[in-house]
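Visitor: okay, sequence plus prediction incoming.
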There are 2 protein chains.
Amino acid sequence: MAEATPVRRRGRGGGGAARRAERTAVRFDVAPTIQRKIPNYDLHSEETLAIIEANAETVLEEIGVNFLDNPAALARWREAGADVRGERVHIPKGLARKLCATAPSRFVQQARNPARSVEIGGDALVLAPVYGPPFVRDASGGRRYATMADFETFVKLAYMSPWLHHSGGTVCEPTDIPVNKRHLDMLYAHMTLSDKPFMGSVTEPSRARDSVEMCEILFGAERMAQGPVMTSLININSPLTFDATMMGALEIYAEAGQACIISPFIVGGAMAPVSVVGTLTQVMAEVLAGVAYAQLVKPGAPVIFGAFVTSIDMNSGAPTFGTPEAAQITYGAGQLARRMGLPYRSGGGFCGAKLPDAQAGYETANSLNAGLLGGVNFMLHACGWLEGGLVASFEKFVMDADQLGTLHKMAAGAAADENAQAMDALREVGPGGHFLGCAHTQANYKDAFWRSELFDCKAFETWAEEGARDTQALATERVATLLERYEAPHIDAGIDSELRTYIERKKSGMPDAFI
Amino acid sequence: MAEATPVRRRGRGGGGAARRAERTAVRFDVAPTIQRKIPNYDLHSEETLAIIEANAETVLEEIGVNFLDNPAALARWREAGADVRGERVHIPKGLARKLCATAPSRFVQQARNPARSVEIGGDALVLAPVYGPPFVRDASGGRRYATMADFETFVKLAYMSPWLHHSGGTVCEPTDIPVNKRHLDMLYAHMTLSDKPFMGSVTEPSRARDSVEMCEILFGAERMAQGPVMTSLININSPLTFDATMMGALEIYAEAGQACIISPFIVGGAMAPVSVVGTLTQVMAEVLAGVAYAQLVKPGAPVIFGAFVTSIDMNSGAPTFGTPEAAQITYGAGQLARRMGLPYRSGGGFCGAKLPDAQAGYETANSLNAGLLGGVNFMLHACGWLEGGLVASFEKFVMDADQLGTLHKMAAGAAADENAQAMDALREVGPGGHFLGCAHTQANYKDAFWRSELFDCKAFETWAEEGARDTQALATERVATLLERYEAPHIDAGIDSELRTYIERKKSGMPDAFI
């Protein structure tokens, strides 16, 4: 599949949202959500998982979790049967798991373009870009604070990738826009520069409310009633702490029928024990409590079992990525999520490298492989992540996006039908022959092998004549080429105007805040 | 573990080879052979594997395999019950598999230093460096033909890596030495610059004979009688062709009790069908025939089920590496090898990249991950491979060698004992606390996380002050540092002299040949 083939489509009528999508004038192809046809890799034994689950229940009952500055949450827990002492909630064994039972095992997040709605859970794998970096980097401009213009560029690049199913959320922090207003601009960019699904704001409960209201304009009441249109990232303040900001956002989203990722954010050794099984125990306890709380707010609220966990360099205290311990936790959290029957968020193209160099490649590939085989359903940070998440890199974004194609191909598994068995080819060619020209190859070569749109596989001499470019240089060119080809998807002028009016009203209603 | 910590040891007596090893004055630590405590990843279904096995038998019977210029081999096959027509050997269904039954499921390859002998098969994973490149590359000298000095440098680097268990074979082609004599110098380098196990020559049956004779000098009759001291690479001339050079070497090694890897060499789409299952069928047929032949030569000969298979870029015809199809085949061949009860050779740090850049990192990590989880027992090309195997890269050698540490840690699995459960840490720290100072962290931090000796995880400012170096620049420095620290392991002066005399006699007995 070409990464950016604009397809001109003629409108042919239809109702409501479908009609709006049909009127879309320019379209970039996108691969369907990955449906895994390969087994998950179950690294940890049944015995180990059972120990983790039992210990997690002990943690919830004996140690408990903190719900800070949130009397309503404490009341909900008390009502549900927990032992609340101050802000500490002790959850009797079995209670959290029982509450989690109302969470759906899979759900559909609707996109503005209905063809791009995604299923989250089961065998599906949804790929979404990096989230959160305050800096950006490219070869020409180096490392610098991210701006709204950078944000828009990443949304465009994500829109044009056939392998990304999701536009993400805070693909970088637009630091040139006031903190209390940037969520409006970010949402507007996702809504208008792309037609893929996206995430809502979580930095203040009021901003979550704004996100819901903007979606009501974009999607209309009819589609809002059909299921979630946002999946937002609720980080747990590990260890074992649920703060009022994140819980406030969760409450608003859950009540509005929107999906949330309930995600411990852990650098092992700092926010969790240094051992893999100890960390998984804490992850399990935190997710049990968080998911249970979402169900207390609204039974049936769509949620995702999240795990952002990496290891630490014990010499410098710096987080490290693409390490064996991170992979062991990625695999383990996936096993725990499946045992709970919940969709699983983890993985991503993680690295600690400062540049999109060999270190970035090794570490990112290690992370992506663990995410794929570990059964991740929603992969945040799948592309663009650099320097431990401090930096969103334009070059790495297109490198990673290209590699995501390999996940699609791997997940499809290998066919074993008569054509795939290729006995005709083996008979035709025989010992000492060559398969390039045989009938089976001619019939199958186009789809036989995944092909990178970026990496070099030319003859050495050709490559040298063309400037002996490394991957970063090839990626710089690719970013420029893609942005030249970009065309925004059509949006109804009335809806666009209504969104702009909403944003203008909100912005003029409060003074700028930069912290 | 530090990569190059010379350990001064005092001799303390002992017999024969053990005594020689004890007298070794300088030693570099090496991690024990990996013993996997994690499950293998079984990508393909039982049904698919059964189809492949049945089709492979059909290939052997109906299509047959060629044994070229080798009347003795044809006679052996005829004697065993095969239908031999000209040089084509049709092997009745079941015969090859029956002959394979005498091959051992695991064996020990002895090293000069008995502490470095390696087990091959079962849950073990032995890591060996790149094999075969005619070119070398480094940042200062660029890409150039390899020389004997380069060869010696790679042997030294492999000796100093704690993660490499094996010195390999043709780590690069020493093109400045005549073709008919370079095997002598290569073996001498492995024997004297390292004390790890190594591979013998296969480019001519006479050179295999020389390899055995040099080993008889190095190891002595007593140790030679105890089991193999070489594992050599016998490539099948895919599709389905066994040439006289390789078979001649195999015959000599098998008769001398030495181990061989029986390895199809396949670029899918060229030397095998474009489909994964079709390629695996051919791999299975070729290995069945090759292993069966080794057992015909000498029942019980130690052999390894080999698979060097990658995909092709159908536009340029160039081989591609680190692709999903290559991974699917790596996993599948591992499953087939385990079903046969044979040690499995595959994997390696493969890439098509021209430079040790991001592409090299992604592709290599993809390959290494598939090799680890695919159950590889003997991983050739585990480090140093660049540009599709045309180039041995000094920088990539140390990058890959560093990454091999992650395989050791991953393979060890995660402990789940009381200490690993870390309930004391969770109780001590509690909600909102910090684990860095807790007792459990203090007791466990040293071994908790794998730590790269090469990659950067410093603070951005420190990294920038130190020159903002990329991975290649860090690796250039590391190569230099390692070579400064290198000291050769002790070798008995009499044995060394005998080896030199042997080589001198062999070299003076024939004119130089450069083709």
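Guide: Looks like it arrived, so ask away.
Visitor: can you tell me the element the residue in the stretch 251-400 of chain A positioned nearest to chain B falls in?
Guide: In the stretch 251-400 of chain A, the residue found nearest to chain B is A:Gly361; the distance is 2.1 Å by Cβ to the nearest Cβ. Every residue, glycine included, has its C-beta placed from N, CA and C. Per DSSP states H and E: A:Gly361 is located in helix A:358-373.
Visitor: these two touch, right, A:Ala285 and A:Val59?
Guide: Yes. Contact status for A:Ala285 versus A:Val59: in contact at 4.2 Å, counting by Cβ atoms under 8 Å.
Visitor: could you pull out the helices in the stretch 101-250 of chain A for me?
Guide: For the stretch 101-250 of chain A, the helices defined by DSSP state H, counting those that start in this stretch cover A:148-160, A:182-193, A:205-224, A:244-255.
Visitor: so which of those helices gets nearest chain B?
Guide: Chain B lies closest to helix A:244-255 among the helices of the stretch 101-250 of chain A, at 13.5 Å (Cβ to the nearest Cβ).
Visitor: tell me the helix or strand right after the closest one.
Guide: Next helix or strand after helix A:244-255 toward the C-terminus (DSSP H and E): strand A:259-267.
Visitor: run the chain-centre distance for that following strand.
Guide: 11 Å (Cα atoms, centre = their mean, to the nearest Å).
Visitor: list the strands paired with that strand, with their directions.
Guide: strand A:231-236 (parallel), strand A:303-306 (parallel), strand A:308-312 (parallel) (DSSP bridges).
Visitor: next, the angle helix A:205-224 makes with that strand.
Guide: 140 degrees (axes from the mean of the first three to the mean of the last three Cα atoms, to 10 degrees).
Visitor: what mean pLDDT would you report for strand A:259-267?
Guide: Taken as a whole, strand A:259-267 has a mean pLDDT of 96.
Visitor: quick revisit: tell me the most buried of the strands paired with strand A:259-267?
Guide: When you average the neighbours per residue for each of those (mean count of other Cβ atoms under 10 Å in any protein chain shown), strand A:303-306 leads with a mean of 30.
Visitor: still on that earlier bit, excluding chain neighbours, what is closest to the residue of the stretch 251-400 of chain A closest to chain B?
Guide: B:Gly361 (2.1 Å; Cβ to Cβ, 6 or more residues apart in numbering or on different chains).
Visitor: before we move on, back to that, wait, the residue of the stretch 251-400 of chain A closest to chain B touches B:Asp357, no?
Guide: Yes. Counting by Cβ under 8 Å, A:Gly361 touches B:Asp357, with 7.4 Å between them.
Visitor: hey, what's in contact with both of these two?
Guide: A:Thr471 (Cβ atoms under 8 Å, 6 or more residues apart in numbering or on different chains).
Visitor: more crowded one of those two?
Guide: Under the neighbour definition other Cβ atoms under 10 Å in any protein chain shown, A:Gly361 and B:Asp357 were set side by side, and A:Gly361 has more, 35 against 29.
Visitor: give me the nearest residue to A:Ser140, chain neighbours excluded.
Guide: Take A:Ser140 and drop its neighbours on the chain: the residue closest to it by Cβ to Cβ, 6+ apart is A:Thr476, 7.3 Å away.
Visitor: kindly check the end-to-end length of stretch A:223-233 for me.
Guide: 22 Å (Cα to Cα, to the nearest Å).
Visitor: contacts for that stretch?
Guide: By Cβ under 8 Å, 6+ apart, the residues outside stretch A:223-233 that reach it are A:16-17, A:107-111, A:120, A:131, A:169, A:197-202, A:208, A:211-212, A:215-216, A:218-219, A:249, A:253, A:257-261, A:263, A:302, A:304, A:306, A:378, A:380.
Visitor: which among those count as buried?
Guide: A:17, A:107-111, A:120, A:131, A:169, A:197-202, A:208, A:211-212, A:215-216, A:218-219, A:249, A:253, A:257-261, A:263, A:302, A:304, A:306, A:378, A:380 (16 or more other Cβ atoms under 10 Å in any protein chain shown).
Visitor: can you count the residues close to the nearest residue to A:Asp69 once chain neighbours are set aside?
Guide: Excluding the flanking residues, the one nearest A:Asp69 by Cβ to Cβ, 6+ apart is A:Ala244, at 4.0 Å. A count of nearby residues for A:Ala244, using other Cβ under 10 Å, gives 16.
Visitor: quick one, what contacts A:Asp243?
Guide: Contacts for A:Asp243 (Cβ under 8 Å, 6+ apart) come out as A:68-69, A:237.
Visitor: which of the residues you listed tops the neighbour count?
Guide: Among the contacts of A:Asp243, A:Asn237 has the most neighbours (other Cβ under 10 Å), with 19 neighbours.
Visitor: look up how far A:Ala73 lies from the residue nearest to it when sequence neighbours are not counted.
Guide: Of all residues not flanking A:Asn237 in the chain, A:Asp243 sits nearest, at 5.0 Å (Cβ to Cβ, 6+ apart). Distance, A:Asp243 to A:Ala73, by Cβ to Cβ, to the nearest Å: 11 Å.
Visitor: surely A:Tyr145 and A:Phe135 touch.
Guide: Yes. In this structure, A:Tyr145 is within contact of A:Phe135 by Cβ under 8 Å, at 6.1 Å.
Visitor: out of these two, which sits in the more crowded spot?
Guide: Neighbour count, other Cβ under 10 Å: between A:Tyr145 and A:Phe135, A:Phe135 has more, with 21 against 13.
Visitor: ok, what's across the strand from the closest residue to that one other than its chain neighbours?
Guide: Nearest residue to A:Phe135, sequence neighbours excluded (Cβ to Cβ, 6+ apart): A:Val391, at 4.5 Å. Beta-bridge partners of A:Val391, counted by DSSP bridges, are A:Phe135, A:Leu386.
Visitor: ok, A:Val391 touching A:Asp138?
Guide: No. Here A:Val391 does not reach A:Asp138: they are 10.1 Å apart, not a contact under Cβ under 8 Å.
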